[in-house]
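Colleague: please find the sequence and the predicted model below.
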Amino acid sequence: MEKYWNEEIETMSREDMKKLQDERLAAQVKHVYENVKYYRDLMDEKGVKPEDVKSTDDLYKLPFLSKADLREAYPYGLLAKPLSDCVRIQSTSGTTGKRVVAFYTQNDIDIWEECCARAIVAAGGTNEDVCQVCYGYGLFTGGPGLNGGSHKVGCLTLPMSSGNTERQITFMRDLGSTILCCTPSYAAYIGETLHDMGYTTDDIKLKAGIFGAEPWTEEMRRSIEKSLGIKAYDIYGLTETSGPGVSFECSEQTGMHINEDNFIPEIIDPETGEVLPEGEVGELVFTSITKEAFPLLRYRTRDLCVLSRKKCSCGRTLIKMSKPMGRSDDMLIIRGVNVFPSQIETVLIEQGYSPNYLIEVDRVNNTDTLDISVEMNPEQFSDKMKDMQEQEKSLALAIKTMLGINPKVHLVSPKSIVRSEGKAVRVIDRRKLHD
Amino acid sequence: MSNAKQISVFVDNKPNQLTGIMALLKKSGVNIRALSLADTTDFGILRMVVNDTDKAAEALKNASYAVTVTEIIAITIPDAPGQLSRVLDILGADSVNLEYLYAFTGASDKSVSFVIRVDDNASASEALTKGGIIQLTEQDIAEM
């Protein structure tokens, strides 16, 4: 039997949901126009007044916000409430430049935590569960978000944060954790460490994992599910809209239900900004319709995905988004070809290699170079040089077949590529240094 | 007769890689009898015959090295001109495909030893025996 945290919302009819969104959107646009000068200027520039947006059908009239706007408006330029009404700040990792800070009222926190609670319940969580949260705690939204959701559900919450993997496993065993929340790369590492410590899935009680904050593939899902003996659920979110819980996976594991009562999704053509019909791949755009302190309208996520209203076997009527197929800012253009690290990861796992790899892109004599360091598979190690060179060649060929360009594959020792306890660093693009 | 064993280790093409392996073997009290290093621009394959293969393999595997143990043929021949040529003639006459070989210390001052890696140990071994070449067992090497 499928369980819901908020059955009324999660199984609401499309008509009722649209009505709710229309009301909330109109009120939100008014709130933003009155309180956020930065966005008011953008609307005025486009000649849009709050009264022009009466329903979700009018969404297209509103200007977009991008990460560049958030940086421009840093730190208070998009704040819509007095600071005295705000209770929390969270921030992005700032890996691509200046940090983005987001503000929350208590109501914003409550809604965010409810979104995470829906995700935990969709993964089978109840107040009988022990939920081990090893997302980072602090400015990063992962830890605080799932921690709050876990409290709401009533799980016994283990606020481990990331790192100290052997201790994670000790707690997991001693306290019988049943749900694990962390990044997928850290989940894979925990699984690897568990087996290295001489344990098997019989030594732990985990049944489900809620993994997000970075892209991961279906192959990686299967490999984590096997190594930890669990069902692995995807969760999606971004600091700009709240944090994890914007969307979450259900038992069907075929995409993530968006919490549409709080976030209206759109898919646009990243080049033209034109809204695309359901089923087409494009950039995901979110409008926060309940956020009080930091309400972003038409925020461009840079994540490329597909939306679907196909009926879901879990009974939820919330629209589903596919796993992001890549980020427009993660996308590498190498010799004119679009390359997503996730494509390379897919090939590695298919060919029996570890999903720990490092992509290095550079430009030599005006030609882009693509070097991929891959941990060799100890099972396939041979004392014959030609066997090992054959492995490099056949992997390079499989990657070439996927990408359309020739990489240079370098086999390195098992476990020699640095493991990450947060977001994994998979790409080093040295071309930027020359520009 | 039992063939001798060789232990091979995958080595990254980075500074201090051999240092780490040697430190581990030192700690385990393993003595190396023969050694060769084959390399490409990316990585190397360190091949060794040691006095205690199981112990060396265990120590290296525990430290996450990629290790493989293979049977090889070890021979000892007089340290004189034309001796290796004689061995190769014997193998060649039997169409044995040679993967690689490397020399190591002899059983005496007047001899020299070789590790020979072939695809078909049994037929190579038979050909060498017929040709009068002395082969070393694992124990012979350990006791050298």
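Modeller: Sure thing, it's come through.
Colleague: now do the contacts for residue 115.
Modeller: This is for chain A. By C-beta atoms under 8 Å, 6 or more residues apart in numbering or on different chains, the contact set of A:Cys115 is A:Gly149, A:Gly237, A:Ser242, A:Pro244, A:Gly245, A:Val246, A:Phe248, A:Asn259, A:Asn262. C-beta: built from backbone N, CA, C; applies to glycine.
Colleague: can you look at chain B instead?
Modeller: B:Ala4, B:Gln6, B:Ala34, B:Ser36, B:Arg47, B:Val49, B:Ile72, B:Ile73, B:Ala74, B:Leu101, B:Tyr102, B:Phe104.
Colleague: do that again at 6 Å, thanks
Modeller: B:Ala34, B:Ile72, B:Ala74, B:Tyr102 (C-beta atoms under 6 Å, 6 or more residues apart in numbering or on different chains).
Colleague: work out for me the element it sits within.
Modeller: Using DSSP states H and E, B:Val115 sits within strand B:111-118.
Colleague: who does that strand pair up with?
Modeller: strand B:67-78 (antiparallel), strand B:98-104 (antiparallel) (DSSP bridges).
Colleague: quick one: distance of it to the chain centre.
Modeller: Computed by C-alpha atoms, centre = their mean, to the nearest Å, the chain-centroid distance of strand B:111-118 equals 7 Å.
Colleague: now stretch A:354-371
Modeller: With C-alpha atoms, centre = their mean, you get 24 Å for stretch A:354-371.
Colleague: what lies in contact with that stretch?
Modeller: Contacts for stretch A:354-371 (C-beta under 6 Å, 6+ apart): A:220, A:332, A:334-335, A:341, A:345, A:348-349, A:372-375, A:407-408, A:417, A:426-431.
Colleague: what subset of these is buried?
Modeller: A:220, A:332, A:334, A:341, A:345, A:348-349, A:372-375, A:407, A:417, A:426 (16 or more other C-beta atoms under 10 Å in any protein chain shown).
Colleague: quick one: which of the residues you listed sit in strands?
Modeller: A:Leu332, A:Ile334, A:Ile372, A:Ser373, A:Val374, A:Glu375 (DSSP state E).
Colleague: TSV for these, including distance to A:Glu292?
Modeller: Formatted as TSV, those follow (distance: C-beta to C-beta, whole Å):
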residue	distance to A:Glu292
A:Leu332	38
A:Ile334	43
A:Ile372	45
A:Ser373	46
A:Val374	47
A:Glu375	47
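Colleague: least confident of those?
Modeller: Least confident by pLDDT among those: that is A:Leu332, with 81.
Colleague: and for residue 16, the neighbour number?
Modeller: Chain wasn't specified; assuming chain A. A count of nearby residues for A:Asp16, using other C-beta atoms under 10 Å in any protein chain shown, gives 12.
Colleague: try chain B instead
Modeller: 9.
Colleague: ditto for the one 10 residues further on
Modeller: Residues contacting B:Lys26 under the criterion other C-beta under 10 Å number 10.
Colleague: for it, helix, strand, or coil?
Modeller: helix (DSSP: H, G, I helix; E, B strand; the rest coil).
Colleague: tell me where chain B has strands.
Modeller: Under DSSP E, chain B gives strands at B:4-12, B:32-39, B:43-50, B:67-78, B:98-104, B:111-118, B:134-136.
Colleague: could those strands go into a markdown table alongside distance to A:Glu278 and mean pLDDT?
Modeller: Formatted as a markdown table, the strands of chain B follow (distance: least, C-beta to C-beta, whole Å; pLDDT from 0 to 100):
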| stretch | distance to A:Glu278 | mean pLDDT |
| --- | --- | --- |
| strand B:4-12 | 49 | 95 |
| strand B:32-39 | 55 | 93 |
| strand B:43-50 | 49 | 95 |
| strand B:67-78 | 53 | 95 |
| strand B:98-104 | 59 | 93 |
| strand B:111-118 | 61 | 94 |
| strand B:134-136 | 73 | 92 |
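Colleague: what pairs with B:Ile73 across the strands?
Modeller: Assessed by DSSP bridges, B:Ile73 has beta-bridge partners B:Ile116.
Colleague: let me see the contact set for it.
Modeller: B:Ile116, B:Ala124, B:Ser125 are the contacts of B:Ile73 under C-beta under 6 Å, 6+ apart.
Colleague: follow-up on the earlier one: of the contacts of B:Val115, which is the nearest to chain A?
Modeller: Closest approach to chain A among the contacts of B:Val115 (C-beta to the nearest C-beta): B:Ile72, at 8.7 Å.
Colleague: just the closest residue of chain B to chain A, please.
Modeller: B:Ser8 (3.6 Å).
Colleague: so that residue sits against B:Val69, correct?
Modeller: No - using C-beta atoms under 6 Å, B:Ser8 makes no contact with B:Val69, being 7.7 Å away.
Colleague: between these two, which has more neighbouring residues?
Modeller: Using other C-beta under 10 Å as the criterion, B:Ser8 and B:Val69 rank with B:Ser8 on top: 23 against 14.
Colleague: grab the nearest non-local neighbour of the more buried one.
Modeller: A:Asp383 (3.6 Å; C-beta to C-beta, 6 or more residues apart in numbering or on different chains).
Colleague: near that neighbour, how many other residues are there?
Modeller: Neighbours of A:Asp383 using other C-beta under 10 Å come to 23.
Colleague: how about A:Val306?
Modeller: 19.
Colleague: ok, the residue nearest to it when sequence neighbours are not counted - contacts?
Modeller: Sequence neighbours aside, A:Ser322 is the residue nearest to A:Val306 in space, at 4.5 Å (criterion: C-beta to C-beta, 6+ apart). Residues near A:Ser322 by C-beta under 6 Å, 6+ apart: A:Gly255, A:Cys305, A:Val306.
Colleague: adding secondary structure, write those out as a markdown table.
Modeller: A markdown table is the format used below for the contacts of A:Ser322 (three-state DSSP):
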| residue | secondary structure |
| --- | --- |
| A:Gly255 | coil |
| A:Cys305 | strand |
| A:Val306 | coil |
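Colleague: from the residues you listed, which is closest to chain B?
Modeller: Checking the contacts of A:Ser322 one by one against chain B (C-beta to the nearest C-beta), the nearest turns out to be A:Cys305, at 36.1 Å.
Colleague: beta partners for that closest one?
Modeller: Going by DSSP bridges, A:Cys305 forms beta bridges with A:Gly282.
Colleague: would you agree it is in contact with A:Lys323?
Modeller: No - A:Cys305 lies out of contact with A:Lys323 (C-beta under 6 Å); the separation is 7.1 Å.
Colleague: on that earlier part again, now for the ones in strands among the buried ones among the contacts of stretch A:354-371: which two are most distant?
Modeller: A:Ile334 and A:Glu375 (21.9 Å; C-beta to C-beta).
Colleague: just say helix, strand or coil for A:Leu180.
Modeller: strand.
Colleague: and the residue in chain A that chain B sits nearest to, how far is that from B:Val69?
Modeller: In chain A, no residue comes nearer to chain B than A:Asp383, which is 3.6 Å away by C-beta to the nearest C-beta. To B:Val69, A:Asp383 is 9 Å away according to C-beta to C-beta, to the nearest Å.
Colleague: how's chain A carved up into domains?
Modeller: A:1-127+A:135-173+A:212-219+A:233-325, A:332-434 (automatic domain parsing).
Colleague: between the ones you listed, which one is nearest to B:Val96?
Modeller: domain A:332-434 (15.2 Å).
Colleague: up against chain A, what does chain B have?
Modeller: B:8, B:10, B:12, B:38, B:42-43, B:45, B:47, B:64, B:66, B:68, B:70, B:99 (C-beta under 6 Å from any C-beta of the partner chain).
Colleague: let's see that with 7 Å instead.
Modeller: B:6, B:8, B:10, B:12, B:38, B:40, B:42-43, B:45, B:47, B:64-66, B:68, B:70, B:99 (C-beta under 7 Å from any C-beta of the partner chain).
Colleague: I appreciate the help and will end here.
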